[in-house]
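Engineer: have a look at this prediction, sequence included:
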Amino acid sequence: MKLLHCVALIVVLLALPGPDCRASAEADSEGPPPLDCRSGPLKKTYGNEAWLVYGCNDHRSAVVVSDKGNPAVPFCFILYVKPDDSVRLYGEGTGDKSTTQAAFDELKELTRADVGELVSAAEAIDTAGE
């Protein structure tokens, strides 16, 4: 359910109408397109806390959601791999700042290949029906 709230928030924010919002969204190709991130979840630890990783339908990007018991709840990150293979990291939520910062510090070091491995592992879990 946390993932759905995170993804819904992202889709809503990207789709908001308005003179400045729409223009900046078109002008800024840095942001991710609408993504469907349901593969997984893969259980991972970032910043010494539990997180759930979901693979996205572009097979290149992932969403990382704070797991039950994580002081960062509610919080999610998006690891978006752009067409030029650079990785953008976005975060959203109201969880504990020091916890989210510790996870951010680890996630920002991930390469395109690292994110690809996370997505593949999440897709494998989804395929196995776990």
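Structural biologist: Yep, that arrived.
Engineer: buried residues in the helix or strand Leu89 falls within, which are they?
Structural biologist: Following DSSP states H and E, one finds Leu89 within strand 87-93. With burial defined by 16 or more other C-beta atoms under 10 Å, the residues of strand 87-93 counted as buried are Val87, Gly91, Gly93. Quick note: C-beta positions are derived from backbone N, CA and C, even for glycine.
Engineer: in this structure the second one contacts Cys76, no?
Structural biologist: Yes - because the distance of 7.3 Å satisfies C-beta atoms under 8 Å, Gly91 is recorded as touching Cys76.
Engineer: picking up where we left off before, just the CA trace of the strand holding Leu89, in CSV.
Structural biologist: What follows is strand 87-93, C-alpha atoms only, in CSV (Å, rounded to 0.1, in the frame of the first residue of the first chain):
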residue,chain,number,x,y,z
VAL,A,87,20.9,7.9,-12.5
ARG,A,88,18.7,10.5,-10.8
LEU,A,89,17.6,9.9,-7.2
TYR,A,90,14.3,11.5,-5.9
GLY,A,91,12.9,11.2,-2.4
GLU,A,92,9.4,11.9,-1.0
GLY,A,93,7.9,11.5,2.4
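Engineer: so what's Lys43 up against?
Structural biologist: If you count contacts by C-beta atoms under 8 Å, 6 or more residues apart in numbering, Lys43 has them with Ala50, Trp51, Leu52, Val53, Asp67.
Engineer: which residues does stretch 113-127 contact?
Structural biologist: 38-42, 44, 53-56, 59-62, 79, 81, 87, 110.
Engineer: just the buried residues of that stretch, please?
Structural biologist: Counting neighbours by 16+ other C-beta under 10 Å, stretch 113-127 gives Val115, Gly116, Leu118, Val119, Ala121, Ala122, Glu123, Ile125, Asp126 as buried.
Engineer: the third one belongs to a helix?
Structural biologist: Yes - counting by DSSP: H, G, I helix; E, B strand; the rest coil, Leu118 is found in a helix.
Engineer: and of the buried residues of strand 87-93, the nearest to Asp105?
Structural biologist: Gly91 (11.5 Å; C-beta to C-beta).
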